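Colleague: Okay, structure incoming, though there's no sequence with it:
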């Protein structure tokens with residue numbers, strides 16, 4: 001069996017995290033517009049989520065970043081969320097609280113970050129390694145890393161031991 005280094009799998013996680021952060025969320029009227037725009041953007045990204053998960057995540061994400069009011073105050077229109085730019089590029093800086101809220105959205109919507117990582121890694125990961133990662137990688141540690149990367153993308157270069165050790169044990 002071919003062994004894959006842990007770094008590409010973590011790099012995949014980071015890319016997945018940044019892709020989700022680049023998606024652009026619920027309250028009445030304006031919130032629905034933001035949620036719908038974000039859901040449409042995520043649906044176009046070929047993420048491994050079903051429509052129910054996408055709808056849930058889009059609402060949770062908008063709530064986590066401060067709701068439609070914060071997006072409007074930052075001059076971000078619903079249509080802006082369907083573009084290639086991430087929230088930071090649109091002028092919305094995420095703090096630790098918002099990042100934690102975004103990370104928590106995955107469990108609130110019954111979306112596995114481990115499955116996201118494995119899906120992004122594709123068929124390059126042998127079945128035995130996949131099973132090992134699924135069993136050993138902690139969703140909470142992954143969510144914490146996701147939140148850290150959302151706040152400071154440079155942190156993606158040094159994944160914490162809580163992520164590296166379980167992955168390295170599988171190779």
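Modeller: Sure thing, it's come through. Every value quoted in this text rests on a predicted model; they were computed, and no experiment measured them.

Colleague: okay, CA-based contacts and neighbour counts for the rest of this
Modeller: Will do.

Colleague: Off-centre distance for the helix or strand harbouring residue 121?
Modeller: Using DSSP states H and E, residue 121 sits in helix 113-121. Averaging C-alpha positions (C-alpha atoms, centre = their mean, to the nearest Å) puts helix 113-121 10 Å from its chain's average.

Colleague: List the buried residues of that helix.
Modeller: Across helix 113-121, burial judged by 16 or more other C-alpha atoms under 10 Å covers 113-121.

Colleague: For it, which helices and strands make contact with it?
Modeller: Applying 3 or more C-alpha pairs under 8 Å, 6 or more residues apart in numbering; DSSP states H and E, we find helix 113-121 packed against helix 6-22, helix 127-136, helix 139-151.

Colleague: Show me what the second one is in contact with.
Modeller: Residues from elsewhere that reach helix 127-136 (C-alpha atoms under 8 Å, 6 or more residues apart in numbering): 114-115, 118, 166-167, 170-171.

Colleague: Just give me how far it sits from the chain centre.
Modeller: Per C-alpha atoms, centre = their mean, the centroid offset for helix 127-136 relative to its chain is 20 Å.

Colleague: Give me the mean pLDDT for that helix.
Modeller: Averaged over helix 127-136, pLDDT sits at 90.

Colleague: Equivalent analysis for the last one, please.
Modeller: Throughout helix 139-151, pLDDT has a mean value of 81.

Colleague: now it and helix 113-121, what's the angle there?
Modeller: Here the directions of helix 139-151 and helix 113-121 differ by 60 degrees (axes from the mean of the first three to the mean of the last three C-alpha atoms, to 10 degrees).

Colleague: now swap in the shortest one and tell me
Modeller: Between the axes of helix 127-136 and helix 113-121, defined by the same axes, to 10 degrees, the angle is 160 degrees.

Colleague: For the closest residue in space to residue 91 that isn't next to it in sequence, the count of nearby residues, please.
Modeller: Counting by C-alpha to C-alpha, 6 or more residues apart in numbering, the nearest residue to residue 91 once its immediate chain neighbours are dropped is residue 74, at 6.5 Å. For residue 74, the neighbour count with other C-alpha atoms under 10 Å is 13.
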